[in-house]
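Chemist: give me coordinates for this.
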Amino acid sequence: MAKTSVWIHAVWGTKKRDRVLLSDQRAIICRHIIQNAQEKGFYVDMVDGYLDHLHCLMILKPGWTIAKQMQMIKGESAYWINKNKLLEQKLEWADGYFAASVSMGKLDIVRNYILHQEAHHRKCSFEEAYAQFIASLELDEG
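Modeler: As a prediction, the model looks like this:
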């Protein structure tokens, strides 16, 4: 059996940036994502976000790509949310996502960042925060 420790910080949003992830429902969704990941054999450390997006800190399952793991999280959670009529309207996640590896020494920083999303986004929008974050990285857009 393969043993890996590839930590990923992933971020994805609602389609059209719909602000539908109210605090109570978001907490239920986040708990479900963690529980479902456990059932599927991969580890999600934490999930939280704001009205229009979620952040997830997780370990990449051996043999899986980030794309496969994100499809498992996004696709299954949207299906579950809609099947259980958790939100007043049908939830659709946006097509894309952001994912970056996280070094062991930075895990607590990422956890703290995810934990304080509501306070963070009272000061700036998702778009502003995302632009600042991307500008701070040297990413290959390929």
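
Chemist: helices along the protein, start to end?
Modeler: In the chain, the helices defined using DSSP state H lie at 23-40, 66-83, 107-115, 117-123, 126-136.

Chemist: could the ones you listed be laid out in JSON lines, adding distance to Cys56, mean neighbour count and mean pLDDT?
Modeler: (Each C-beta comes from the backbone N, C-alpha and C, glycine too.) Shown next, in JSON lines, are these (distance: least, Cβ to Cβ, whole Å; neighbours: other Cβ atoms under 10 Å; pLDDT from 0 to 100):
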{"stretch": "helix 23-40", "distance to Cys56": "7", "mean neighbour count": "15", "mean pLDDT": "97"}
{"stretch": "helix 66-83", "distance to Cys56": "7", "mean neighbour count": "16", "mean pLDDT": "98"}
{"stretch": "helix 107-115", "distance to Cys56": "8", "mean neighbour count": "15", "mean pLDDT": "94"}
{"stretch": "helix 117-123", "distance to Cys56": "12", "mean neighbour count": "13", "mean pLDDT": "73"}
{"stretch": "helix 126-136", "distance to Cys56": "15", "mean neighbour count": "13", "mean pLDDT": "70"}
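
Chemist: which one of these lies closest to Leu54?
Modeler: Nearest of the helices of the chain to Leu54, taken as Cβ to Cβ: helix 23-40 at 7.2 Å.

Chemist: would a markdown table of the helices of the chain with distance to Ile8 be doable?
Modeler: A markdown table is the format used below for the helices of the chain (distance: least, Cβ to Cβ, whole Å):
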| stretch | distance to Ile8 |
| --- | --- |
| helix 23-40 | 12 |
| helix 66-83 | 6 |
| helix 107-115 | 10 |
| helix 117-123 | 17 |
| helix 126-136 | 15 |
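
Chemist: these: which one's closest to Asp52?
Modeler: Comparing the helices of the chain under Cβ to Cβ, the one sitting nearest is helix 126-136, at 6.0 Å.

Chemist: which non-adjacent residue is nearest Arg17?
Modeler: Asp52 (4.7 Å; Cβ to Cβ, 6 or more residues apart in numbering).

Chemist: neighbours of that neighbour, how many?
Modeler: Look at Asp52: counted by other Cβ atoms under 10 Å, it has 19 neighbours.

Chemist: so it makes contact with Arg19?
Modeler: Yes. Here Asp52 reaches Arg19: they are 5.0 Å apart, a contact under Cβ atoms under 8 Å.
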